[in-house]
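**Student:** Here is my input, please return the structure:
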Amino acid sequence: MIDIKLIRENPEVVKENIKKKFQESKLELVDEVKKLDEEFRAAKTKGDAMRAERNVKSKEIGNLMRQGLKEEAAKIKDEVTSLGDEMARLEELEKELEQKIKKIMMVIPNIIDESVPLGKDDSENVEIERYGEPVVPDYEIPYHTDILEALDGLDLDSARRTSGNGFYYLMGDVARLHSAILAYARDFMIDRGFTYFIPPFMIHSEVVTGVMSFDEMENMMYKIEGEDLYLIGTSEHSMIGRFYGKLLDEEKLPYTMTSYSPCFRKEVGAHGLEERGLYRVHQFEKQEMVVVCKPEDSMYWYEQLWKNSVDYFRSLDIPVRTLECCSGDLADLKVKSVDVEAWSPRQKKYFEVGSCSNLGDAQARRLGIRVKNKEGKYYAHTLNNTVVAPPRMLIAFFENNLLEDGSVKIPAALQPYMGGKTVITPAKDKKNMF
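**Tutor:** Numbers count the residues shown, from 1 in each chain. Sure, this is the predicted structure:
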């Protein structure tokens, strides 16, 4: 959510930003907010003046009563009563206008960074750099579900019966590898100075609307029926919510945190063939990075966060690239964002495995997260990035580590988390599959 002062003083800047995001339908909202804000300030100014007048008249009543001029005092009392009625009406008007303004401001997109490339959608995102050499072996790489089923590590049929499409059972060494990847990610980030968290997996509606746009909320979040609780779509939601309404000491910034959680997402919309299996699911686990910092430090941390993801994947010998998100692909709260994509030898292309975002002070404004120093108070900046999110990451892992005989090598970094195993071999039978 942007500062309303920007709409008051530079509405054309806000409109130009909306055009850059190809959201022309929102242009009229700027003028609407400007008009409502003028009405709000007029009502507030009038109300303040009437409150001052009432205070003066109240003192006058006291003076008249002390002089025994009861009749004159009674007349002024009537005037004070009339003032009170009008003030009550103005207070209701102020609340009504304030709510209208807030509702509209919540859908006006944040001001994107000047460095963001212009483009309508993700097809116009811009590749920044590649890390590691993409390899296509001279033997066939099967679809990831076939690889995992051959390892006796995946059961989709049972999951469809218990829960429907978009759910899965992981088993045996595959399930153990899934946990190893997360445990390694946890320690990887702890070694880089981040504090480890396990946050609440449900949050209140005011936190949801504070951390994400309405469109994201509608398309992602599962609501708990009969309660003001939502299942989180990522631990960023509850980690930023941890600072809801707080006044932070500048000397304690930055807060650098890494958090584990299960994640739950509706994933509304139809998806293609390459997004079946474990690519797009309703439930998964993730290790996240979250930073709360001073505004002048947010771009520094933005660079550090995406580099952490690149380093993590490269430590597992998975080639990756970074992709700058164009203006039309940025969610409304984001200032700047980069996707980390892993190499798929089977598809001979990269696919998204994580996203790093700088949200400026948008979440902080919505949630009232301020920082105090000697000069005064200001809103914090917030950032988030995926360390790793299996099971999607498993697709990249198994494709890049699959050997010709169907076994899968385990990189040295993960071997301590796998009891010293160096390879996962195909199952000779399907005793666990039923």
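**Student:** Am I right that S213 is in contact with L359?
**Tutor:** No: S213 lies out of contact with L359 (C-beta atoms under 8 Å); the separation is 10.7 Å. The way it works is simple: take the backbone N, C-alpha and C, and place the C-beta from them, glycine included.
**Student:** Between these two, which has more neighbouring residues?
**Tutor:** Using other C-beta atoms under 10 Å as the criterion, S213 and L359 rank with L359 on top: 26 against 19.
**Student:** Contact partners for that one?
**Tutor:** Residues in contact with L359 (C-beta atoms under 8 Å, 6 or more residues apart in numbering) are N110, L333, K334, V335, H381, T382, L383, N384.
**Student:** nearest residue to E79 other than its sequence neighbours?
**Tutor:** Of all residues not flanking E79 in the chain, K57 sits nearest, at 6.1 Å (C-beta to C-beta, 6 or more residues apart in numbering).
**Student:** any idea which element the one you found lies in?
**Tutor:** helix 27-66 (DSSP states H and E).
**Student:** Pull out the buried residues from the following helix or strand past that helix.
**Tutor:** Where DSSP H and E defines the elements, the next helix or strand beyond helix 27-66 is helix 70-105. With burial defined by 16 or more other C-beta atoms under 10 Å, the residues of helix 70-105 counted as buried are 73, 76-77, 80, 83, 87, 90, 93-94, 97, 100-101, 104-105.
**Student:** Could I get the residues you listed in CSV, plus columns for distance to N63?
**Tutor:** Shown next, in CSV, are these (distance: C-beta to C-beta, whole Å):
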residue, distance to N63
A73, 9
I76, 10
K77, 13
V80, 14
L83, 18
M87, 22
L90, 27
L93, 32
E94, 31
L97, 37
K100, 42
I101, 41
I104, 47
M105, 46
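**Student:** Nearest to L182, out of the residues you listed: which one, please.
**Tutor:** Closest approach to L182 among the buried residues of helix 70-105 (C-beta to C-beta): M105, at 37.6 Å.
**Student:** re the thing from before, out of the contacts of L359, which end up buried?
**Tutor:** The buried subset of those - by 16+ other C-beta under 10 Å - is N110, L333, K334, V335, H381, T382, L383, N384.
**Student:** Next, the contact list for E267, please.
**Tutor:** Listed by C-beta under 8 Å, 6+ apart, the contact partners of E267 are G166, N219, M220, R280, V281, H282.
**Student:** The same query, at a cut-off of 10 Å, please.
**Tutor:** By C-beta atoms under 10 Å, 6 or more residues apart in numbering, the residues touching E267 are G166, N219, M220, G233, E275, R280, V281, H282.
**Student:** Lowest pLDDT pick from these?
**Tutor:** Lowest pLDDT of the contacts of E267: E275, 58.
**Student:** Mind pulling up the pLDDT for the residue in the chain sticking out farthest from the centre?
**Tutor:** Note on the chain: the largest C-alpha distance from the chain mean falls to G68, namely 66.5 Å (C-alpha atoms, centre = their mean). We have a pLDDT of 82 for G68.
**Student:** From G164, how far out is it?
**Tutor:** For G68, the distance to G164 equals 83 Å [C-beta to C-beta, to the nearest Å].
**Student:** still on that earlier bit, among the contacts of E267, who's most crowded?
**Tutor:** Counting by other C-beta under 10 Å, top hit in those: G233 with 23 neighbours.
**Student:** what's across from Y131 in the sheet?
**Tutor:** With DSSP bridges as the criterion, Y131 is bridged to V320.
**Student:** burial of it, as a residue count?
**Tutor:** Y131 is flanked by 16 other residues according to other C-beta under 10 Å.
**Student:** how distant is the helix or strand hosting S309 from the center of its chain?
**Tutor:** In the assignment (DSSP H and E), S309 maps to helix 298-314. Counting by C-alpha atoms, centre = their mean, to the nearest Å, helix 298-314 is centred 17 Å from the centre of its parent chain.
**Student:** ditto for stretch 233-240
**Tutor:** Put simply, stretch 233-240 sits 7 Å off its chain's centre (C-alpha atoms, centre = their mean).
**Student:** Check which residues of the helix holding S309 are buried.
**Tutor:** Buried residues in helix 298-314 (16+ other C-beta under 10 Å): 298-299, 301-302, 304-310, 312-313.
**Student:** same deal with stretch 158-174?
**Tutor:** A159, G166, Y168, Y169, L170, M171, D173, V174.
**Student:** what's the span of that stretch from first residue to last?
**Tutor:** End-to-end distance for stretch 158-174: 17 Å, by C-alpha to C-alpha, to the nearest Å.
**Student:** Kindly report the same for stretch 116-125.
**Tutor:** One end of stretch 116-125 sits 10 Å from the other (C-alpha to C-alpha).
**Student:** Distance from it to the middle of the chain?
**Tutor:** For stretch 116-125, the distance to the chain centre is 19 Å (C-alpha atoms, centre = their mean).
**Student:** One more: stretch 337-346?
**Tutor:** 20 Å.
**Student:** likewise stretch 316-324?
**Tutor:** Worked out by C-alpha atoms, centre = their mean, stretch 316-324 lies 21 Å from the chain centre.
**Student:** again with stretch 337-355
**Tutor:** 20 Å.
**Student:** Check which residues of it are buried.
**Tutor:** By neighbour count on 16+ other C-beta under 10 Å, the buried set for stretch 337-355 is 337-346, 350-355.
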